[in-house]
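Chemist: take a look and give me a structure for this.
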Amino acid sequence: MTLADELVKLEKLKQSGALSEEEFQQSKKMLLQDKPLTSPPPQDATNATLGTAANRYVSFQITMGIIGLIIMIIVLIKIFSRIDKIQHFKIFPDARLEQLKGRQ
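Modeler: Next up is the predicted model:
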């Protein structure tokens, strides 16, 4: 609603008798001051834009991708380290027998 609309509304209220002359003058003075008619949005609401949410989501995806990559590397290292041990015993079967004899 514009300032002119507000003033017209006040004038109609004064003419209908809902506002006295003093109340009308006070209300008009408040409207004509440099104060905004609506309060500014809260500080948190200005930061909650769609672009900011999208940026957070992309950052989350990148972080999860990096964590997934690290986990995959660890698993592959564990798998390949076991394969090396298995292949070692296939090449040198006597080494496995030596280990078993050493435990007894």
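Chemist: lowest-pLDDT helix or strand in the protein?
Modeler: Lowest by mean pLDDT, DSSP states H and E among the helices and strands of the chain is helix 43-47, with a mean of 55.
Chemist: skip ahead from it and say which helix or strand is next.
Modeler: Downstream of helix 43-47, the first helix or strand assigned by DSSP states H and E is helix 50-91.
Chemist: what is the mean pLDDT for that following helix?
Modeler: Helix 50-91 shows a mean pLDDT of 84.
Chemist: just stretch 11-18 next, same as before
Modeler: Mean predicted confidence for stretch 11-18 is 88.
Chemist: pull out the buried residues from that stretch.
Modeler: Within stretch 11-18, the residues that count as buried by 16 or more other Cβ atoms under 10 Å are Lys14. The way it works is simple: take the backbone N, C-alpha and C, and place the C-beta from them, glycine included.
Chemist: residues in contact with it: which ones?
Modeler: Here stretch 11-18 makes contact (Cβ atoms under 8 Å, 6 or more residues apart in numbering) with 19-21, 23-24.
Chemist: just among these, which is most surrounded?
Modeler: Highest neighbour count within the contacts of stretch 11-18, by other Cβ atoms under 10 Å: Leu19, with 18 neighbours.
Chemist: check the gap between that one and Gln26 for me.
Modeler: As judged by Cβ to Cβ, to the nearest Å, Leu19 and Gln26 stand 9 Å apart.
Chemist: anything in contact with each of those two?
Modeler: The contact sets of Leu19 and Gln26 do not overlap (Cβ under 8 Å, 6+ apart).
Chemist: tell me the domain ranges of the protein?
Modeler: Using automatic domain parsing, the domain parsing of the chain gives 1-40, 59-104.
Chemist: what about Phe80, neighbour count?
Modeler: Residues near Phe80, counting by other Cβ under 10 Å, number 10.
Chemist: what about it, distance to Ile73?
Modeler: Distance from Phe80 to Ile73, by Cβ to Cβ: 11 Å.
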